[in-house]
Structures are given as structure tokens and as C-alpha cells.
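Visitor: Quick one: sequence and predicted model below, then my questions.
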Amino acid sequence: MGHDIWNFIDNSDLNEYTLIVPSVAVGNVGQLSCDLLISSLQMKKIASVYSPALIPVLGYDPYNLQSNSLSSSCEIYKSDRKNIVVLQLRAPLICKSARIFLEEIIKRFKEKNIKDIIILTSSFAHENKHISTSPFRFVASESSLYKKKILDLHWIEHKCVDSPLKIYGGGFSSLLYEICQENSMPCLILYKYCSEGDNIPDAYDMISHLSSVVPLFSDKFDLLSQMIQPVSWKLLFGRPPPRDIY
Amino acid sequence: MTTFGDITEPISRTAWEDWDEITEEPDLPELQWQQDVGVLKEIEMLTILEGKYLSDIVATQTQYKLEYVNSIKEANLMLSKSGKNLICFIKDYRLVLSSNIVELLKPYLSVSNNVISIQTKPLAEYQSSEYYNQECLFRTIHTSKPSKFTKFNFPKLEQPNLISGVSAGVISLREHLGQSGTAVISYIEYPEDYQIEEIQVLLKQLDIIQTGNGKPSNILNSNLYI
């Protein structure tokens, strides 16, 4: 990569922070979940990333309709209260350049001293062989910080049939997991079996599932009431029907 | 047409690569300029015209001579010179190649004082809670650093609308480098109508065309009995 891909607005150390990365996957569940998290926790943008490994997309801030600040393929958001950082992706990665880009992410965040990584992704609903069980599965590295909690919650582990790890429809999640392993970075993959369509309910499910192991919201209030949809979701499925048809 | 039981991916995903079956063989062509870029002098303005519609309009202006500068064959990209300005035409390229194309354009982008990209999109794609009775809507995206084109009176692109591809990459890169740039998006109702006045006016303002009478040849305006 010819130039520095990072453009940090806030250069502070991220010691004790957890990095959450969505994988571009079935129904974009990981990305929708991160959008929901950024909006609900009113996370602050701390960096933008420009890399040839990403298909370029550009628009204005999806969390504030009045803003004149640009929003591009990859941006980083931080919540000081919850000690989490989200690397939001709004475009797919290009396979050929993915490894270099993901290695650069791990290298940079290791330098910033983050404690672990959580990858949010999804898999094709037809891959779920046990449909009466929970649609969620997880993969945790040996050093994962959530192993005990997950055990208490009886989460179902991903059945490793393929080696290396493969999550069908899960995008780059298994590649990022492999890179985390190579760099001794504690890592947890959480994914949901789903189909393409209106995947907003999947994003809600994902965040509530995640918050049972990572304290994201207050226990004093109902979880749903604390989740705030980004304003840009209002027109996610197009314009209202034309008035002439009535 | 699919048969019962077939799993069909939505159209929005067909441009993407299949992560489940990554093969060793690279699927994407290696892009390169036809001629060596060399050391570039300052460029006053670089205009990127994205899509067949805009290329066709300029192509009909035969009296307006453009000097060939360079091209990328595999991406249908051609760079032409008009005085101190460069005009880049790009159409029918694969979306996954866009960031590669922007990387190749980078030497030109970094020495340009002003960069503007223009593209057309179907009006049906514009997502808005308001109703518009116009056949053509202009929207813009400006970098944080004000550009020469900030004075354009077009409203900003409302969320959740986005642009993607080369135009998005060019303006993103300019923003990343702390330089100025503007993307103009023209949402049009009838993409076969080459006489849209607003687009003709914009291209004339940018000194890209001189008259607005051009009409590309097609089978309907040929004199064939069909």
C-alpha cells in the first residue's frame, strides 16, 4: 500500500479496549450490528481509513443528518464509557488485498494496546443443520477473555469440519481469525445463521447476544429501549410508495 | 430464471467476490496505463466523467477537440487533455476494480488543483422521504477542504444515499490527502434522453462541451425502416 491508510483524529492509546470488527457477510448482519452499536452508544469517530483493499463508497455521516462530515468505506468509532472501539466497514474487501489490509489492522491496533478482538458475522441459514437450536454460533481462541462466561451461558460452539476454519457466507471472518491467531491476539467470532432480506431484527439479536458477554448497556433498563437505530436506516428499503397509486 | 430449490443471491451481491471459494488464480485483470505516466506538471482541473451517458454526450461534440493523454484498456478509461485541464472518461468497468483504478489515477489526482467527478444514476435509486416532480436532480458531495465547486448551488447528497466506484474513490482519496474535491451526482428519470438541459448547462459551465445539440446515433434515430 503506497501511503498511510490511517487518518486518526484522536491518537490516544486504546489500552483495555476491545475492538469490534464486522465481516461483510450474509445480510450484512455484522455491519448493521455495528451501526446499531455506534448509534446507541453515541460513539465518537476517531479515524477514517483509505485503503485500495476496499471498494470505495462515499456519503455523508449516517448518524447525523445535519452533518457535513464525510463517511467512507472504513471508519473507526470509540466509546470511552464502554471501552470499545468499532471498525465499521461499509464496503466489501477485495480478496486479493484482504490479507495485507487485515494484517495492517491487527498490527496497528496491537500498537494501540487493545486487549482483544470480537468479529461479528453471519452464515447462510441453510448451513444450520440443527434448526431447533439457537441460530448463534461462536469460535473463541484459546486466550479469549469470554470463555468462562460463554460456558456459563451454554452458547453453541461452531463445529469445525473444515481446516482451516470456514464459516460459509461469513466473508473474511475466518481469515481475520487466522491472522489474530498468528499474532497471539485474543479473538472471538460470533455469528448468526440468517438469510438475505430485512436483517435489522438480526442486528438487534446480535447486539443483545453480544451484550450478554460484553457489558454494553445498563442492566437497570430494558435492553431494547437502550438501542437507537441510526437515522439513516429510515430509508433503507427505498422511498415511500408514490401517492399517485392511491 | 431459477428452478425450485435453487439458492439465488440477490443482485446487490453479484458484483462481489465469493469468499467461500477463493482460488489461487487471480480473477481480476492487472491494470496498467498504456503509456508511462512520467513526471507530471500541475493540472488546473481534473474532471472525471463516469458512465456511458456522459461519455456519449461529449463524444457527439465533434467540433470540440480533445487530445489523447493515456488510457487503461481493461477498465474502459481514457484520459484526454483540454488546455490545462484533464478529462477522464470511464464507463462499463467492474466495481471491484475501482480502488485499483483510483490508485492508478493517484499521480494525476495529487497534482490537480481542482477535482470534480460527475456521474448519472437512475432517479428511481434516489432515496428520499420527499417527493420530486423533476426529471433530473443534482446532488453533491464536497470534501472537508472547500473546493472551487463548493459554490455550486446543488443540495448535498442526503443520507442514506451513497456513491460507489471510481467517483467515490477519487473524492475519498482527495479527502484522505487533505485536498479538495467535489462529486456531482445527477439522478435522471430517462437515461436515453440526451437533451437534458440541466446536464448540458453543467457541462458547458465546466467548459467540457460547447453546444447542447449533440445526440448520439442509435438505431431509433437512424433512418432505417424497422
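Guide: Perfect, thanks for sending it.

Visitor: residue boundaries of the helices in chain B?
Guide: Using DSSP state H, the helices of chain B run over residues B:52-59, B:98-110, B:166-176, B:197-205.

Visitor: hmm, I was thinking of chain A
Guide: For chain A, the helices defined by DSSP H occupy A:29-40, A:95-111, A:147-153, A:173-182, A:200-210, A:223-226.

Visitor: While we're on the residue of chain B found nearest chain A, how confident is the model there?
Guide: Ranking the residues of chain B by distance to chain A (CB to the nearest CB) places residue B:169 first, at 3.4 Å. Placement of C-beta: from N, CA and C, glycine included. At residue B:169, the pLDDT value in this model is 97.

Visitor: Would you mind measuring from it to residue A:51?
Guide: 11 Å (CB to CB, to the nearest Å).

Visitor: hmm, back to that, among the helices of chain B, which is the most enclosed?
Guide: helix B:166-176 (a mean of 27; mean count of other CB atoms under 10 Å in any protein chain shown).

Visitor: Give me the longest strand you can find in chain B.
Guide: For chain B, the strand with the greatest residue count under DSSP state E is strand B:112-122.

Visitor: what's the average pLDDT for it?
Guide: Strand B:112-122 shows a mean pLDDT of 95 in the predicted model.

Visitor: Please see if it touches chain A.
Guide: No - taking CB under 8 Å from any CB of the partner chain as the criterion, strand B:112-122 and chain A are apart, separated by no less than 10.0 Å.

Visitor: same deal with stretch B:73-93?
Guide: No - judged by CB under 8 Å from any CB, stretch B:73-93 and chain A are separated, with a smallest distance of 12.0 Å.

Visitor: Just the endpoints, please. Distance across stretch A:180-192?
Guide: 21 Å (CA to CA, to the nearest Å).

Visitor: Report how many residues lie close to residue A:160.
Guide: Burial measure for residue A:160: 10 neighbouring residues, criterion other CB atoms under 10 Å in any protein chain shown.

Visitor: Got the confidence number for it?
Guide: Residue A:160 is given a pLDDT of 80.

Visitor: where along chain A do the strands fall?
Guide: Taking DSSP E as the test, the strands found in chain A are A:6-8, A:18-22, A:44-49, A:57-60, A:70-72, A:74-79, A:84-89, A:116-124, A:136-140, A:187-194.

Visitor: Can you list the strands that the fifth one pairs with?
Guide: Translated: strand A:70-72. If you go by DSSP bridges, strand A:70-72 pairs up with strand A:57-60 (antiparallel).

Visitor: hmm, back to that, of the strands of chain A, which is nearest residue B:57?
Guide: Nearest of those to residue B:57, taken as CB to CB: strand A:57-60 at 23.8 Å.

Visitor: Find the closest residue to chain B in chain A.
Guide: For chain A, CB to the nearest CB, closest residue to chain B: residue A:56, 3.4 Å.

Visitor: My guess is that residue contacts residue B:164. True?
Guide: Yes - here residue A:56 reaches residue B:164: they are 6.4 Å apart, a contact under CB atoms under 8 Å.

Visitor: Those two: which is more packed in?
Guide: residue A:56 (28 against 18).

Visitor: Model confidence at residue 204, what's the number?
Guide: The chain I'm using is chain A. On the pLDDT scale, residue A:204 gets 97.

Visitor: that's the wrong chain, I wanted chain B
Guide: 86.

Visitor: separation between it and residue B:71?
Guide: From residue B:204 over to residue B:71 the distance is 25 Å, taken as CB to CB.

Visitor: repeat for residue A:77
Guide: Residue A:77 is 40 Å from residue B:71, by CB to CB.

Visitor: neighbour count winner among the two?
Guide: Set side by side, residue A:77 and residue B:71 show more neighbours around residue A:77, with 23 against 17, by other CB under 10 Å.

Visitor: hmm, back to that, overlap in contacts, residue B:169 and residue A:51.
Guide: residue B:99 (CB atoms under 8 Å, 6 or more residues apart in numbering or on different chains).

Visitor: returning to that earlier point: name all residues that make contact with the residue of chain B closest to chain A.
Guide: A:56, B:98, B:99, B:101, B:102.

Visitor: how about those residues in a markdown table, adding distance to residue A:219?
Guide: Below are the contacts of residue B:169 laid out as a markdown table (distance: CB to CB, whole Å):
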| residue | distance to residue A:219 |
| --- | --- |
| A:56 | 41 |
| B:98 | 45 |
| B:99 | 43 |
| B:101 | 50 |
| B:102 | 47 |
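
Visitor: Just send those residues back as a markdown table, with pLDDT too.
Guide: What follows is those, written out as a markdown table (pLDDT from 0 to 100):
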| residue | pLDDT |
| --- | --- |
| A:56 | 96 |
| B:98 | 95 |
| B:99 | 95 |
| B:101 | 97 |
| B:102 | 97 |
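
Visitor: any idea which of these is closest to residue B:32?
Guide: Looking across these and measuring by CB to CB, the closest to residue B:32 is residue B:101, at 11.0 Å.

Visitor: Might you report the residue contacts of the closest one?
Guide: Applying CB under 8 Å, 6+ apart, the residues contacting residue B:101 are B:31, B:72, B:75, B:77, B:90, B:93, B:166, B:169.

Visitor: Low-confidence regions, chain B specifically.
Guide: Along chain B, the model assigns pLDDT under 70 to residues B:1-18, B:22-26, B:62-64, B:211-226.

Visitor: Which residue ranges of it form strands?
Guide: So, for chain B - with DSSP E - the strands run B:43-50, B:67-72, B:77-82, B:85-90, B:112-122, B:136-142, B:163-164, B:182-188.

Visitor: Can you lay out those as a markdown table showing distance to residue A:64?
Guide: Listed next are the strands of chain B as a markdown table, based on distance: least, CB to CB, whole Å:
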| stretch | distance to residue A:64 |
| --- | --- |
| strand B:43-50 | 28 |
| strand B:67-72 | 37 |
| strand B:77-82 | 35 |
| strand B:85-90 | 32 |
| strand B:112-122 | 24 |
| strand B:136-142 | 15 |
| strand B:163-164 | 19 |
| strand B:182-188 | 20 |
